[in-house]
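Trainee: Sequence first, then the predicted structure:
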2 protein chains.
Amino acid sequence: MDALKQKILNEGTALSDKVLKVDKFLNHQIDPELMVEIGREFYRLFKDQNITKILTLESSGIAPSVMTALNFKIPVVFARKRKSLTHTDRLYTAPVYSYTKQETNIISVSDQFISQDDKVLIIDDFLANGEAANALISLVDQAEAEVIGIGIVIEKSFQPGRDMLEEKNYRVESLARIESLAAGEIVFKEDQN
Amino acid sequence: MDALKQKILNEGTALSDKVLKVDKFLNHQIDPELMVEIGREFYRLFKDQNITKILTLESSGIAPSVMTALNFKIPVVFARKRKSLTHTDRLYTAPVYSYTKQETNIISVSDQFISQDDKVLIIDDFLANGEAANALISLVDQAEAEVIGIGIVIEKSFQPGRDMLEEKNYRVESLARIESLAAGEIVFKEDQN
C-alpha cells in the first residue's frame, strides 16, 4: 500500500534495528485520512470472506479497525489490556508480552461479543513476534468462532511473527512489510505488491 | 443526538445509580456507523472554531475522535495511560483518577504533537467528575495551546464534571446528557436539544 509506505518513509523513525517509531500517524498521533485508506485496503483484501466481526487490541489497533469495519458494516471489538468495573460478563482471556512496553498483559474480551457463528478478521497495528496476534487468535478460539485472517498495518518481516502464523495456516495480510531497520534505514520487502 | 440516545436506551445498562454500561457500542464493542454520526455532530458543533487538533484519551475516546477529525481534516492525538519504549520525546503529563478502574494513571502526550499554535478540541467518551477532562486540559495548558471546547459522547449530568468545567469557562458539548440512572432506569435531561 503505497500511501502507507510513503508515510512510513517520510514520518517514521528507525529507533534501533528492531524498533520503528510511527507515533506521527498511527501510535500516538493518528492521521484519519490514512486510516480511511487502510480501511479500504483491508476491505478489498477480505471483502469476499463473509466477515462478521473485527477483533483488535487497544489502543493503536482501534482506528484502522473502525475504518475497516465501516466498509464491512460490522462491529469492532477491542480486547482490553486491563479490567474495568463495567466489565461484568464472563471473559475470554489470554496473556500477551509486549516487547516495547516490557510487560505481560492479560488481554480479555467479553463472551457477549464473540460467538460461535462469528467469522473474525483480526486487525493490529504491528506484527513482530506474533504475541498479540496469537493472543487474539486464542480469544477467538475460546469463543469457538473462526479466524478468517489477520490484517496487519506494519509487519516487521525480519521478526518471526508471520512465519509462526503461516505455519498454523492463518492468512496474514500486511499493508507494509519491512525487511530491515538496520543502520537507521527503513527498507521494505521488494516482493511486496 | 437522537441516534445516540436511542442506542443508549436500547443497548445500555444502568449497572448502578452511577455506572452506565455501554460496552455494546462504545467501550468494548464499537458501532462504526454510530461513530460516523457522532463525528458529524461534533463537527457541526465546532466547525467554525478553526480547530487544528483533537486530543483524546485511550482507548474509548479514539473511535469518536477519529471520525470527528476526518470531518475537520486534522490529526487526532491520544494521550497515553502508560509509557511506551518508543515514547522518547519530552512528555506533558497529568494524573487522572478513574472511578471505574479504581486507579490513578499518569496520562501523557509527546510535546511533538501539541504546540503553542494549536486550537484543541478535547473529546472523550464520558464526562462524570471531570477528572479526565481536567487532565487533558492540563496537557494542553502545558503546551501553551488553546482549549476551544470539550466534546463528550455521554455526560452523567448528575455528577459534577460539567459544572466544574463551566466554572472555568470551558465550552462543553455533550451528545447525550443523563439526568439519572436510579433504579436501573436511564433518564435523559429534558432540556437537551
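Mentor: Done, it's in.
Trainee: hey, let's count contacts and neighbours off CA atoms from now on
Mentor: Noted.
Trainee: how much space between the spatially most central residue of chain A and B:His28?
Mentor: Centroid-nearest residue in chain A, with Cα atoms, centre = their mean: A:Asp124, separated by 0.9 Å. Using Cα to Cα, to the nearest Å, one obtains 16 Å as the distance from A:Asp124 to B:His28.
Trainee: Any residues of chain A in contact with chain B? List them.
Mentor: Residues of chain A lying close to chain B (Cα under 8 Å from any Cα of the partner chain) are A:15, A:19-21, A:24, A:28-33, A:58-59, A:62-63, A:66-67, A:69-70, A:73-80, A:83-86, A:100-101, A:109, A:113.
Trainee: Keep only those of those residues that are in strands.
Mentor: Judged by DSSP state E, those include A:Leu20, A:Lys21, A:Gln29, A:Ile30, A:Val76, A:Val77, A:Phe78, A:Ala79, A:Val109 as members of strands.
Trainee: Chain A: helices as residue ranges?
Mentor: Ranges of helices in chain A, per DSSP state H, are A:2-11, A:32-46, A:62-72, A:131-142, A:161-167.
Trainee: Among these, which comes closest to B:Lys156?
Mentor: helix A:62-72 (24.8 Å; Cα to Cα).
Trainee: which helices and strands does the closest one pack with?
Mentor: Helix A:62-72 is packed against helix A:32-46, strand A:53-57, strand A:76-79, strand A:119-127, helix B:32-46, helix B:62-72, with contacts defined by 3 or more Cα pairs under 8 Å, 6 or more residues apart in numbering or on different chains; DSSP states H and E.
Trainee: list the buried ones in the shortest one?
Mentor: Neighbour counts using 16 or more other Cα atoms under 10 Å in any protein chain shown place A:Val76, A:Val77, A:Phe78, A:Ala79 of strand A:76-79 among the buried residues.
Trainee: again, but for the fifth one
Mentor: Residues B:32-43, B:46 are the ones in helix B:32-46 that count as buried (16+ other Cα under 10 Å).
Trainee: what's the answer for stretch A:144-155, then?
Mentor: So for stretch A:144-155, counting by 16+ other Cα under 10 Å, buried means A:Ala145, A:Glu146, A:Val147, A:Ile148, A:Gly149, A:Ile150, A:Gly151, A:Ile152, A:Val153, A:Ile154, A:Glu155.
Trainee: Ok, stretch A:44-64 next?
Mentor: A:46, A:51-64.
Trainee: so which of those comes closest to chain B?
Mentor: Of all those, chain B sits closest to A:Ser59, with 5.3 Å by Cα to the nearest Cα.
Trainee: residues contacting the closest one?
Mentor: B:Glu58, B:Ser59, B:Ile62 (Cα atoms under 8 Å, 6 or more residues apart in numbering or on different chains).
Trainee: Make CSV from those and add distance to B:Ile137 and pLDDT to it.
Mentor: Below are the contacts of A:Ser59 laid out as CSV (distance: Cα to Cα, whole Å; pLDDT from 0 to 100):
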residue, distance to B:Ile137, pLDDT
B:Glu58, 15, 96
B:Ser59, 18, 95
B:Ile62, 17, 98
